[in-house]
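>>> Got a sequence here, can you build the structure:
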Amino acid sequence: MIGVTITGVSGRMGQMLARAVAQDARCELVGATALPDHEWIGRRLRDVLPDSASDVVVVAEAVDAIANADVVIDFTAPEATREHATLCAQAGAAHVIGTTGLDADDLEHLTRCAVHTTIVRAGNFSLGVNLLTVLTRKVAEALGDDFDIEIVEMHHRHKVDAPSGTALMLGEAAAEGRGVALDDMRESGRDGMTGERQRGAIGFAALRGGDVVGEHQAIFAGTGERITLGHIASDRMLFARGAVAAAVWARDQAAGEYDMVDVLGLR
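Model prediction:
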């Protein structure tokens, strides 16, 4: 059995991850964390999460929850994920990261931690989205900058970061296909007199509203034709199941940085 700790178990994704771990015969939940002031602290998961049979006690200190884990699944916030990465590196636990909004400093920190443990980080853990990422890279490589690229995403009204991690993942794939750095070609938030679109730019548009789970499109617009690749998610459990699959895969990998394309053998 693979011992799994879930950080941020009280959140929407955390609760789904707990259910997904319970449904996977290869895994056992051995730890769970929540914010220090959350009402779940000190209580058994079975007493606070409907349908859970776990006797794991929810704790505030991540070091306690990570110490005995084979793998940590982490869909929290950038600052917390940095701390968890350090603890995973010290404990030798693999780290599966679905946290979005990580900046360059955060990513550099993860790279340093990956010298000592296995890190699987993805903007999206869906099989379909990762296939979309592969296709986006291939189409960008085939078409070149005669086609303008726009990444469009829509999520529920409560999402706090934009563009989404998945949108950025698609943008990175498009940039890789063109042999450029996304940071050099990224164009977001157009408003007012912006002037003409820069040749080769990779544009982003973020829509928010309702209870949308996640919709993404990679649009390649040329003269007289347009190619649209897309994915629609209607059930968040698909992300949780993908993260658990990544956790099972990660336990037996050498230290280093990986993503879902590696997990799925699509690279």
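>>> can you give me the helices in the stretch 151-267 of the chain?
165-178, 182-185, 237-250, 260-263 (DSSP state H, counting those that start in this stretch).
>>> Name the residues of the one helix or strand Leu131 maps to that come out as buried.
Leu131 is part of helix 127-143, with elements assigned from DSSP states H and E. Neighbour counts using 16 or more other C-beta atoms under 10 Å place Leu127, Val129, Asn130, Leu131, Leu132, Thr133, Leu135, Thr136, Arg137, Val139, Ala140, Leu143 of helix 127-143 among the buried residues. Yep, even glycine has a C-beta here, placed from its N, CA and C like the rest.
>>> I figured the last one hits Phe220, correct?
Translated: Leu143. Yes - under the criterion of C-beta atoms under 8 Å, Leu143 makes contact with Phe220 at 5.8 Å.
>>> contacting residues around Ala77?
Shown in contact with Ala77 (C-beta atoms under 8 Å, 6 or more residues apart in numbering): Thr99, Gly101.
>>> Use 727 as the first number from now on
Right, with 727 as the first residue, what we last looked at is Ala803.
>>> For Phe848, which non-adjacent residue is closest in space?
Not quite, residue 848 is Ala, not Phe. Met986 (4.3 Å; C-beta to C-beta, 6 or more residues apart in numbering).
>>> With Arg967 instead?
Ala746 (5.1 Å).
>>> Show the pLDDT at the one you found.
Model confidence at Ala746, given as pLDDT, is 97.
>>> Mind listing residues that contact the strand or helix carrying it?
Per DSSP H and E: Ala746 is located in helix 738-749. Residues outside helix 738-749 that contact it (C-beta under 8 Å, 6+ apart): 730, 732-735, 753-755, 758, 760, 771, 775, 777-780, 799, 801, 824, 962-963, 965-967, 969-970.
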